[in-house]
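Participant: Below is the sequence, then the predicted model.
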Amino acid sequence: MTARRSAAALAATAVLCMAAAPAATADTPAPKNLPSGLYGKTDPKYDGVFRQAYALLAQDTAGVKPAAKAVDWLTGQACDNGSYAAYREDPSEKCDAKTVVDSNSTASAIQALAALGGHDADVKKSVEWLRSVQNEDGGWGYNPGIPSDANSTGLVVGALKAAGENPAEVKSQKDKAAGDALVALSMPCDDKGKGAFGLADMKSGKLAPNADATAAGVLGGLEQGLVVQAAAKTEPAKCAKAGDAKQAAANGAAYLADTLAKDGFLTSSLPGSEDQPDYGNTADAVVALSAAGLTEQAKKPLAELEKNGAAWAKTSGSPAAYSQLIFAAHAAGADPEDFGGTDLVSALNKMGPAPQKAESADSSEDKKKDDDSSMSVWWIIGVFFVASVGVGFLFSGRKKNQL
């Protein structure tokens, strides 16, 4: 599970008075009888849909066609109204009021299915559900009814964009869009806020600068999803009052660049965790920096990920970890099949059902040669046949039936 999702889940459970859900790790015992279409071997209770959507989207980004059963598993997790819970052990059972659906699972599923294509009806239904649970401030919380946060709002904006919607036109009953919520969640340009996007304290509700909330907020402000192409190279903007979402995104990108300048990686900031490198958040930051055009500032954290990212992903045991690295490599122009010496795509593919085999360029060329050879053989046979019946017949045949 990514730190982004963990932070959102903790906030959600605090509001719902539920016990905080621990992140799935490689040390978590693998449940028996995991679905054959599911990626990852750890308990999917808290991140099944999320990691599956990330895996399918990462495969598509790398030019891999996911296994049909993997896609079917994801679509089968949807409730009738298009929403998704983190994981439903028995998807044949109807969703009810006790089913804890959330915006993050739903938004990530939308991005994956929209990229794969052929799921327009499913995507449309999920988008309609997101619209129905939009907060009055224009943003989204992890669960319906929870205050908006930059992480969830940014992920939903990416989903809306992937589905062909204009996020600026998706408005709440109070005529507020996601951009309005993101501006409200951005921090001032002072020593305390530094232009970052904030994450609310679970007790006081006050915002505090948070790097991963900032990475999500930058993508949301730029109306970008998880898969981005690097924007034209630029330099960090001077922090200014965020009058709109784009300025808030520029402030946030500059904050990330400054935060990463020293070590090249972000550190974990979740309550109770040790101060250590957080490569998941760092990967998210590389995507955000690339989307903002800060390609030069993305080089150092990208190098750090190439050095340590694969080991982190392997230890985590999560398909989402490899997927985040693939998104970062794609955004920064690196090769995910040779990322610090590791083939991220192959490692991800091994964590679930084997992808569909696409016809390679070599096999296509061989097929073309075989077809050409067959045509040559039949052409020669035809020539000898025509010669055997006389030249006069050949000429008359040309006039009557031009081929």
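Facilitator: Right, received. Where do you want to start?

Participant: For A245, list the residues it contacts.
Facilitator: A178, G179, D180, L182, V183, G220, G221 (C-beta atoms under 8 Å, 6 or more residues apart in numbering). To be clear about C-beta, it is placed using only N, CA and C from the backbone, and glycine gets the same treatment.

Participant: Swap in 10 Å and give it another go.
Facilitator: By C-beta atoms under 10 Å, 6 or more residues apart in numbering, A245 lies in contact with 138, 153, 157, 167-168, 177-183, 186, 217-218, 220-223.

Participant: pretty sure G333 is touching V228, no?
Facilitator: No - using C-beta atoms under 10 Å, G333 is not in contact with V228, being 11.2 Å away.

Participant: one step back: which of the contacts of A245 are buried? Put it as a PyMOL command.
Facilitator: The PyMOL command for the buried members of the contacts of A245 (criterion: 16 or more other C-beta atoms under 10 Å) is given here:
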select buried, resi 138+153+157+167+177+178+179+180+181+182+183+186+217+218+220+221+222+223
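
Participant: rewinding a little: of G333 and V228, which one has the most company?
Facilitator: Taking neighbours as other C-beta atoms under 10 Å, G333 and V228 compare with V228 leading, 19 against 12.

Participant: Give the closest residue to the more buried one in space, chain neighbours not counted.
Facilitator: Spatially, and ignoring its direct neighbours in sequence, V228 is nearest to A291 (4.4 Å; C-beta to C-beta, 6 or more residues apart in numbering).

Participant: what's the pLDDT at the one you found?
Facilitator: Per-residue pLDDT puts A291 at 98.

Participant: if I pick the residue most central in space within the chain, what's in contact with it?
Facilitator: Centroid-nearest residue in the chain, with C-alpha atoms, centre = their mean: L226, separated by 4.0 Å. L226 makes contact with 53-54, 57-58, 61, 107-108, 111-112, 115, 154-155, 158-159, 162, 216, 219, 284, 287, 323-324, 326-327, 330-331, according to C-beta under 10 Å, 6+ apart.

Participant: how about 8 Å then?
Facilitator: Neighbouring residues of L226 by C-beta under 8 Å, 6+ apart: Y54, L57, S108, Q111, L155, G158, L219, V287, F327.

Participant: ok, now V101?
Facilitator: By C-beta under 8 Å, 6+ apart, the residues touching V101 are C79, S83, Y84, A85, C95, W129, N143, P144.

Participant: That one and Q134, how far apart?
Facilitator: 14 Å (C-beta to C-beta, to the nearest Å).

Participant: cool, and K206?
Facilitator: K206 is 24 Å from Q134, by C-beta to C-beta.

Participant: and the two? which has more neighbours close in?
Facilitator: Counted by other C-beta under 10 Å, K206 and Q134 do not tie: Q134 has more neighbours, with 23 against 9.

Participant: That one contacts S172, doesn't it?
Facilitator: Yes - counting by C-beta atoms under 8 Å, S172 is a contact partner of Q134 at 5.0 Å.

Participant: tell me the average confidence for stretch 143-161?
Facilitator: 98.

Participant: Please renumber the chain so that the first residue is 59 from this point on.
Facilitator: From this message on, residue numbering opens at 59, which makes the last subject stretch 201-219.

Participant: buried sites along it?
Facilitator: By neighbour count with 16+ other C-beta under 10 Å, stretch 201-219 contains the buried residues 201-202, 204-219.

Participant: and it, how far from the chain's centre?
Facilitator: Computed by C-alpha atoms, centre = their mean, to the nearest Å, the chain-centroid distance of stretch 201-219 equals 14 Å.

Participant: same question, stretch 301-315
Facilitator: 21 Å.

Participant: Now that stretch: buried residues?
Facilitator: Residues of stretch 301-315 classed as buried by neighbour count (16+ other C-beta under 10 Å): 303-315.

Participant: Tell me the one of these nearest G253?
Facilitator: Of all the buried residues of stretch 301-315, G253 sits closest to N309, with 3.2 Å by C-beta to C-beta.

Participant: who's in contact with that closest one?
Facilitator: Going by C-beta under 8 Å, 6+ apart, the list of residues near N309 reads S244, C247, G253, A254, A295, C297, A298, A300.

Participant: again, only using 10 Å
Facilitator: So N309 contacts 244-247, 251-255, 272, 275-276, 279, 294-300 (C-beta under 10 Å, 6+ apart).

Participant: can you count the residues close to the nearest residue to P149 once chain neighbours are set aside?
Facilitator: What sits nearest to P149 in space, not counting adjacent residues and going by C-beta to C-beta, 6+ apart, is G134, at 4.7 Å. Neighbours of G134 under the rule other C-beta under 10 Å: 13.

Participant: intersection of neighbour lists for Q192 and S230?
Facilitator: Taking C-beta under 10 Å, 6+ apart as the contact rule, Q192 and S230 both touch A236, A239.

Participant: now the one helix or strand G310 maps to: how far from the chain's centre is it?
Facilitator: Using DSSP states H and E, G310 sits in helix 303-318. Counting by C-alpha atoms, centre = their mean, helix 303-318 is centred 20 Å from the centre of its parent chain.

Participant: Heading C-terminal from that helix, find the next helix or strand.
Facilitator: strand 324-325.

Participant: Can you tell me the strand partners of that next one and which way each runs?
Facilitator: Strand 324-325 pairs in its sheet with strand 335-336 (antiparallel), by DSSP bridges.

Participant: so how far is the strand it pairs with off the chain centroid?
Facilitator: 20 Å.

Participant: Ok, stretch 194-202 next?
Facilitator: Its chain's C-alpha centre and that of stretch 194-202 lie 20 Å apart, by C-alpha atoms, centre = their mean.

Participant: How about stretch 110-129?
Facilitator: A distance of 10 Å separates the centroid of the chain from that of stretch 110-129, by C-alpha atoms, centre = their mean.
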